[in-house]
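Student: structure, please.
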Amino acid sequence: MLEKLISYLKETRQEMRHVNWPSRQNTIRFTLLVIGVSAIVAIFLGSLDFLFQYLLGKFVL
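Tutor: Residues are numbered from 1 along each chain as shown. This next block holds a predicted model:
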């Protein structure tokens, strides 16, 4: 059982060496892109929520 665990960890370490990791600059760029898109979507959905709340208050209630 211990031999299998050691073998697994060695294979995992070898595979991690083959991974093509993004550069620091790419990581920062894509992180900022995700944050920006998330903020835009949040503003859009918040605006729709406000609009529907206003319309329901004006015409229904």
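
Student: how much space separates residue 58 from residue 25?
Tutor: Residue 58 sits 49 Å away from residue 25, going by CB to CB, to the nearest Å. Every residue, glycine included, has its C-beta placed from N, CA and C.

Student: what about the lengthiest helix in the chain, average pLDDT?
Tutor: Counting by DSSP state H, the longest helix found in the chain is helix 24-59. In this model, helix 24-59 has an average pLDDT of 97.

Student: distance between it and the chain's centre?
Tutor: Counting by CA atoms, centre = their mean, to the nearest Å, helix 24-59 is centred 14 Å from the centre of its parent chain.

Student: just the buried positions in it, please.
Tutor: Within helix 24-59, no residue qualifies as buried by neighbour count (16 or more other CB atoms under 10 Å).

Student: elements contacting that helix?
Tutor: Contact partners of helix 24-59 among helices and strands, from 3 or more CB pairs under 8 Å, 6 or more residues apart in numbering; DSSP states H and E: none.

Student: numbering from 6 from now on, please.
Tutor: Renumbered: residue one is now 6, and that last one reads helix 29-64.
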